[in-house]
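A.B. asks: predicted model, plus sequence, below.
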Amino acid sequence: MTKLAIPAPAGRRRGAYDDETTRPGVDDPPPPPTSAYTLTIAYHPDLRRIGDIAHLRELDEGRTCELARSWPDFHSVDGRWTGPLADRCVSRAPLLLLADKTGNVTIRDPHAAALVNGRRLTAPLQVTAHELAAGVLLLLGGNVLLLLHPQEQLERPSPPKYNLVGESSALLRVRADIMDVAGSSLPVLLRGESGTGKEMVARALHTASPRAARPCVSINLAALNPQTAVAELFGHSRGAFTGAVQARDGYFRDAHTGTLFLDEIGEASPEVQVMLLRALETGEIQPIGGGQARQVDVRLIAATDTNLEEAALRGDFRVSLLHRLAGYEIWLPPLRKRRDDIPRLFMHFARNELLRRGLGESDEALVRRVGARLPASLMQRMLGLAWPGNVRQLNNVVRQFVALALGGRSPAGSAALARLLVAGDDEISSDEISSDEIADDEIVDDEVTAAEHPRPRSPLARGLAHISDEVLVEALRRNGWRIDATAADLRISKTSLYVLIERCPRVRKARDLTRDELAAAETRHAGDHRRMSEELRVSLRGLKLRLRELGLAR
């Protein structure tokens, strides 16, 4: 099979890598061109490899791509060649991938040595372009976790990183937006869910602008006292209101010639909205308590996680102000839409936490301090979560993980960490479900036979160690595979139940049901979802979500 002709380093023959292959130095060959199909290393025993990427040009060209221990080559995000996976647990026999003209990818595993989205392949699996957009997890040798996903190909030079961690297509678009608008004085409206990093983007806009040497003032409008918010923003004279013992210039004057970042703009009171509109239209502010209007030169950046259009329809937000604020809009993606960045962010936050504790931030320090405590299963778990708290929630998880690892405790058994991992997973609207957004209460039993078992007595006061896999599976079946009902039946918390599920090899999630399985069951039961649910051993809600995700819902 013809492969890309990328020259190997001197003295090393392609395909001759052994298990002791080292990371190459600065004289290695340049990276290949970007590809619509990309592999990102989500976990590797050598933690330095996490986040490396391989562009699968063969798939772009309609040729079969091989994935094995010695192929393909990977590069770091800064373009440095890092070589093949070269892990002794990864088979030398290749996994085969082939893309068709519609963007679907067929995965064949002749040796059944890999897991695809948690399932071992017994037949070729076709992954649709829709599923691929959410990312497909490939676990090789139980030791290396890869994410297969599309990667946007930029038609212009890559924008600066602006201290924003990640290389996903969604983040590249944010960086491109920053590059496009940073040099102007247009107001910018940052929109996105809570925890997506709007303040970091605001600071990037300021740093990349001609105002970088000038003040950058950040204000959270939700934290201002509603009675004094106008005075705090626009200034006031002495005695203008009770407690005004001296004059105050206000935040607009503090940010003069620089940038003013107003977070939670949707929380602005009607009075603040009127004053903001005037400041944007005329460049003047009027201090409270009299005095002459003052000219200010301020670049305004606002941010919100609320729907300002709906607020305007309700009369809670001025339409004219919305139009003024949105001189340029930047939409920040939720973390679930940039899954390939989750491992990179994990490593970044782990380094920061070590540095905060005075333990160094190098890769060597990270490997020495926490490497042995980071299993592939934990990263696989994190890549399957919806992350309603986005990057902020991930940062909290990493800090908890590092604390446990430094204390010599196993993160896998931590109820506190499990609670952080599952927090809010079931709050996602079913209209927004994608393959990485199936809630954790949609669980199926992969191995239990259809024969009825005697109903075991619930372990009222027994510890988790006394709840066997058989008891767990029977309880899940008895309660329709619902987390709440099963936890109540077993007299344990939902967090403890998640820990048991993670440990049980006989339980998997509804998102692992394949299109072929679902189509066959739907044919057998004439579309009766309840009967399909019973046969597939999955909750009715989980079944419906999976059918909707795959476009099979009627």
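C.D. replies: Happy to help now that I have it.
A.B. asks: from now on I want contacts and neighbour counts done on CA atoms only, so please keep to that.
C.D. replies: Noted.
A.B. asks: surely residue 137 is within a helix?
C.D. replies: No. Using DSSP: H, G, I helix; E, B strand; the rest coil, the assignment for residue 137 is strand, not a helix.
A.B. asks: tell me the spacing between it and residue 397.
C.D. replies: Distance, residue 137 to residue 397, using C-alpha to C-alpha, to the nearest Å: 21 Å.
A.B. asks: residue 189 too?
C.D. replies: Using C-alpha to C-alpha, one obtains 29 Å as the distance from residue 189 to residue 397.
A.B. asks: out of those two, which sits in the busier spot?
C.D. replies: The residue with more neighbours, out of residue 189 and residue 397 and counting by other C-alpha atoms under 10 Å, is residue 189; that gives 26 against 22.
A.B. asks: ok, that one - contacts?
C.D. replies: Shown here is residue 189, whose contacts under the criterion C-alpha atoms under 8 Å, 6 or more residues apart in numbering are 301, 302, 303, 304, 325, 326, 327, 328, 329, 330.
A.B. asks: farthest-apart pair in these, please.
C.D. replies: Of all pairs drawn from the contacts of residue 189, the one with the largest separation by C-alpha to C-alpha is 304 and 327; the distance is 14.7 Å.
A.B. asks: between those two, which one's more packed in?
C.D. replies: Comparing residue 304 with residue 327 by neighbour count (other C-alpha under 10 Å), the higher total belongs to residue 304, at 19 against 15.
A.B. asks: ok, the residue lying closest to that one once chain neighbours are set aside to residue 66 distance?
C.D. replies: If the residues on either side of it in the chain are set aside, residue 304 comes closest to residue 264, at 4.8 Å by C-alpha to C-alpha, 6 or more residues apart in numbering. The span separating residue 264 from residue 66 equals 48 Å under the rule C-alpha to C-alpha.
A.B. asks: so where do the helices sit in the stretch 301-450 of the chain?
C.D. replies: For the stretch 301-450 of the chain, the helices identified by DSSP state H, counting those that start in this stretch occupy 308-314, 319-325, 342-356, 363-370, 376-383, 390-406, 415-422, in order along the chain.
A.B. asks: could you export those as JSON lines, including distance to residue 123 and mean pLDDT?
C.D. replies: Shown next, in JSON lines, are the helices of the stretch 301-450 of the chain (distance: least, C-alpha to C-alpha, whole Å; pLDDT from 0 to 100):
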{"stretch": "helix 308-314", "distance to residue 123": "48", "mean pLDDT": "91"}
{"stretch": "helix 319-325", "distance to residue 123": "54", "mean pLDDT": "95"}
{"stretch": "helix 342-356", "distance to residue 123": "29", "mean pLDDT": "92"}
{"stretch": "helix 363-370", "distance to residue 123": "38", "mean pLDDT": "74"}
{"stretch": "helix 376-383", "distance to residue 123": "23", "mean pLDDT": "88"}
{"stretch": "helix 390-406", "distance to residue 123": "35", "mean pLDDT": "90"}
{"stretch": "helix 415-422", "distance to residue 123": "32", "mean pLDDT": "68"}
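A.B. asks: tell me which of those helices lies nearest to residue 296.
C.D. replies: Using C-alpha to C-alpha as the measure, helix 319-325 is the one of the helices of the stretch 301-450 of the chain that comes nearest residue 296, at 16.4 Å.
A.B. asks: mind listing what's buried along the closest one?
C.D. replies: Neighbour-count burial for helix 319-325 flags 321, 322, 324, 325 (criterion: 16 or more other C-alpha atoms under 10 Å).
A.B. asks: what would these look like in JSON lines with distance to residue 223?
C.D. replies: Converted to JSON lines, the buried residues of helix 319-325 look like this (distance: C-alpha to C-alpha, whole Å):
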{"residue": "321", "distance to residue 223": "21"}
{"residue": "322", "distance to residue 223": "21"}
{"residue": "324", "distance to residue 223": "23"}
{"residue": "325", "distance to residue 223": "20"}
